[in-house]
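Asker: what follows is a predicted protein model with its sequence.
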Amino acid sequence: MIGSMALHTTEYSYTVLFEPAEEGGFVVTCPALSGLVTEGDTLEEAREMAQEAIHGYLESLYKNHLPIPADCVPVKEEIRVLMPEVA
């Protein structure tokens, strides 16, 4: 409690995707938060960067009185496509 005011907080949880980057490390995206992209040299660093990026994203929405979106869990499927062999 600060003075006589209690701070109310809400915990949000989001699904993030870690994709290995060609140059090493991981690129992180969050399907529920359009445009959120960050990266890290290791998986642990990528996790930390994702947490910071999500916090900043939500903070911006809050300051602008915009709704905070719920998580959306992507559906993962393998799609196979046949292509002619290149000679």
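Answerer: That came through, no problem. Numbers count the residues shown, from 1 in each chain.

Asker: could you find the residue nearest the spatial middle of the chain?
Answerer: Centroid check for the chain by C-alpha atoms, centre = their mean gives Cys30 as the closest residue, at 2.9 Å.

Asker: right, and Val37 touches Val28 too?
Answerer: Yes - with contacts counted by C-beta atoms under 8 Å, Val37 reaches Val28, the gap being 7.0 Å. Where C-beta positions appear, they are placed from N, C-alpha and C, glycine not excepted.

Asker: coming back round to it: show the contacting residues for the residue nearest to the centre of the chain.
Answerer: Applying C-beta atoms under 8 Å, 6 or more residues apart in numbering, we find Cys30 in contact with Tyr14, Thr15, Val16, Leu17, Leu36, Ala50, Ala53, Ile54, Tyr57.

Asker: and with 10 Å instead?
Answerer: Contacts for Cys30 (C-beta atoms under 10 Å, 6 or more residues apart in numbering) come out as 14-17, 36-38, 50, 53-54, 57, 69, 71-72.

Asker: quick check: of the residues you listed, which lies closest to Glu85?
Answerer: Leu17 (31.5 Å; C-beta to C-beta).

Asker: in the sheet, who's paired with that closest one?
Answerer: Thr29 (DSSP bridges).

Asker: which stretches of the protein have low pLDDT?
Answerer: 1-5 (pLDDT under 70).

Asker: please repeat the previous calculation with a cut-off of 50.
Answerer: For the chain, the stretches with pLDDT under 50 are 1.

Asker: hey, where'd the helices end up in it?
Answerer: 43-63 (DSSP state H).

Asker: buried members of the contacts of Cys30 into ChimeraX, please.
Answerer: Here is the ChimeraX command that selects the buried residues among these (16 or more other C-beta atoms under 10 Å):
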select :14,16,36,38,50,53,54,57
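
Asker: any chance of a markdown table for the contacts of Cys30, columns distance to Val81?
Answerer: Formatted as a markdown table, the contacts of Cys30 follow (distance: C-beta to C-beta, whole Å):
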| residue | distance to Val81 |
| --- | --- |
| Tyr14 | 30 |
| Thr15 | 26 |
| Val16 | 27 |
| Leu17 | 21 |
| Leu36 | 29 |
| Val37 | 26 |
| Thr38 | 30 |
| Ala50 | 31 |
| Ala53 | 33 |
| Ile54 | 33 |
| Tyr57 | 34 |
| Pro69 | 32 |
| Asp71 | 30 |
| Cys72 | 26 |
